[in-house]
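**Student:** build me a structure from this.
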Amino acid sequence: MSTSTRATPTEQHEEHQQFGPPTRRYDYERDGQQIYRRSFATIRTEARLDHLPESARVVAVRMVHASGDVELTGQIAVHPGLVAAARSALESGATIFTDAGMLASGVTRARLPCDNDVVCTLRDGRVAHLAREWGTTRSAAAVSLWDDRLEGAVVAIGNAPTALFHLLERIADGGPRPAAIVGIPVGFIGSAESKVALTENPFDIPWLVVHGRRGGSALAASALNALAQEDEL
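**Tutor:** Okay, here's the model as predicted:
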């Protein structure tokens, strides 16, 4: 015998009130695609983009959109070969390595051309031991676990300057070379210096940086999402 019951009219009304749209009291844009289009149009009108390579401007627009600050473009610097190198690598199935789980979570998988793996090794059980042994941060030690798939990969560092320095040091020691590096670590200690080191790298690895102390997962993820596809939306 069935024990299911129907909701009473009162319960149905209460459910509608709970899950239905609120009474519209404000005049605001509610169409998601239109919000993106208008936002990007505003950025292209207000932000200075002419100092960037043409191919990188869509990346800068995405980053400004993530930050809400059109002045950000004054701090963005891009190697002329960055966009072509990153897109070619991703279209060939390259792995994406990140220094933080939040950054990895910010990558829009639907935009990736080959269902690319997005890897963050910060929580690997070996990281804490390596960090203690080497006298460095866990973020830096985690980079050492990338070697097997780092050659030709795309790297995005948005949080730890030590991770970026460590990556450059391993490459200088003869380690694998990624196809492109998005270096946007945030912070007051080592952030600006690590970005300068990346832009001056002698390995001919294309890069993108936001000079100074600014950075973070949201900015790095927005750059990756723009690099993954040429389409702005």
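
**Student:** where do the strands of the chain begin and end?
**Tutor:** 76-78, 96-98, 118-119, 154-157, 180-183, 207-210 (DSSP state E).

**Student:** if you count neighbours, what's buried in the second one?
**Tutor:** By neighbour count with 16 or more other CB atoms under 10 Å, strand 96-98 contains the buried residues Ile96, Phe97, Thr98. Placement of C-beta: from N, CA and C, glycine included.

**Student:** circling back to that earlier point, next, format the strands of the chain as JSON lines and append distance to Thr199 and mean pLDDT.
**Tutor:** Shown next, in JSON lines, are those (distance: least, CB to CB, whole Å; pLDDT from 0 to 100):
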{"stretch": "strand 76-78", "distance to Thr199": "6", "mean pLDDT": "98"}
{"stretch": "strand 96-98", "distance to Thr199": "19", "mean pLDDT": "99"}
{"stretch": "strand 118-119", "distance to Thr199": "25", "mean pLDDT": "99"}
{"stretch": "strand 154-157", "distance to Thr199": "14", "mean pLDDT": "99"}
{"stretch": "strand 180-183", "distance to Thr199": "8", "mean pLDDT": "99"}
{"stretch": "strand 207-210", "distance to Thr199": "6", "mean pLDDT": "99"}
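
**Student:** mind checking which of these is nearest Gly125?
**Tutor:** With respect to Gly125, and counting by CB to CB, the nearest of the strands of the chain is strand 118-119 at 15.2 Å.

**Student:** what sits up against that closest one?
**Tutor:** If you take CB atoms under 8 Å, 6 or more residues apart in numbering as the criterion, strand 118-119 is touched by Thr95, Ile96, Phe97, Thr98, Ala104, Val107, Arg109, Leu112, Trp146, Arg149.

**Student:** just the closest of those residues to Gly174, please.
**Tutor:** Looking across the contacts of strand 118-119 and measuring by CB to CB, the closest to Gly174 is Trp146, at 14.7 Å.

**Student:** how far does stretch 215-222 sit from the chain's center?
**Tutor:** Centroid separation between stretch 215-222 and its chain, computed with CA atoms, centre = their mean, to the nearest Å, is 4 Å.

**Student:** average model confidence for that stretch?
**Tutor:** What stretch 215-222 shows for mean pLDDT is 97.

**Student:** go ahead and produce PDB holding the CA coordinates of it.
**Tutor:** What follows is stretch 215-222 as a C-alpha-only set of coordinates in PDB (Å, rounded to 0.1, in the frame of the first residue of the first chain):
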ATOM      1  CA  GLY A 215      47.500  38.600  -8.100                       C
ATOM      2  CA  GLY A 216      45.400  35.800  -6.800                       C
ATOM      3  CA  SER A 217      43.400  32.800  -7.900                       C
ATOM      4  CA  ALA A 218      40.600  34.700  -9.500                       C
ATOM      5  CA  LEU A 219      43.000  36.600 -11.800                       C
ATOM      6  CA  ALA A 220      45.100  33.600 -12.700                       C
ATOM      7  CA  ALA A 221      42.000  31.500 -13.400                       C
ATOM      8  CA  SER A 222      40.500  34.300 -15.600                       C
END
